[in-house]
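Chemist: Take a look and give me a structure for this.
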Amino acid sequence: MEWIPAQMTALRLFVALTGRLRVPPAEGLAERVRGARREAGTNRHVVYLSQEQMTSVAYGFWLHKMSGSAFEANRFARDYGIAHPTAAAAEPAARPGSAEGLRICTCGPWAL
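Modeler: All right, here's what the predicted structure looks like:
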């Protein structure tokens, strides 16, 4: 995965709040985020994640969205086709006029 600085900031905040969240980040996600490397030419951060960690990231971006910034969650849903189920149920499709291709995460304790 490649993320822009705004997404990495939101992810770092999500993993920093681990002890304060009812649903903590997936196991190993904090280490992956801390170990992310920045590509010099693109100013994007490269992070390799498991499916469970991707689901956790969708949840983290959804939390960030609820605190005021939808940019990171919307970009993640558009780029990787994954959205937190609460976000997808409450909003229109990620792509105007269609929910096609949007995968809803159903593997966490927050799943509907």
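Chemist: which residues of the protein score low on pLDDT?
Modeler: Within the chain, the segments meeting pLDDT under 70 span 86-112.
Chemist: which residues of it fall in strands?
Modeler: Using DSSP state E, the strands of the chain run over 2-3, 37-39, 44-46, 82-83, 103-104.
Chemist: Out of the ones you listed, which gets nearest to Leu63?
Modeler: With C-beta to C-beta, the closest approach to Leu63 among the strands of the chain belongs to strand 82-83: 13.0 Å. The way it works is simple: take the backbone N, C-alpha and C, and place the C-beta from them, glycine included.
Chemist: if I look at the residue in the chain sticking out farthest from the centre, how far off is Arg75?
Modeler: Distance to the chain centre peaks in the chain at Gly41, reaching 23.4 Å (criterion: C-alpha atoms, centre = their mean). For Gly41, the distance to Arg75 (C-beta to C-beta, to the nearest Å) stands at 20 Å.
Chemist: Please enumerate the helices of this structure.
Modeler: With DSSP state H, the ranges of helices along the chain come out as 5-16, 29-34, 51-66, 71-80, 85-90.
Chemist: tell me the most buried of the strands of the chain?
Modeler: Across the strands of the chain, averaging neighbours per residue (mean count of other C-beta atoms under 10 Å) puts strand 82-83 on top, at a mean of 22.
Chemist: tell me what that one is packed against?
Modeler: helix 51-66, helix 71-80, strand 103-104 (3 or more C-beta pairs under 8 Å, 6 or more residues apart in numbering; DSSP states H and E).
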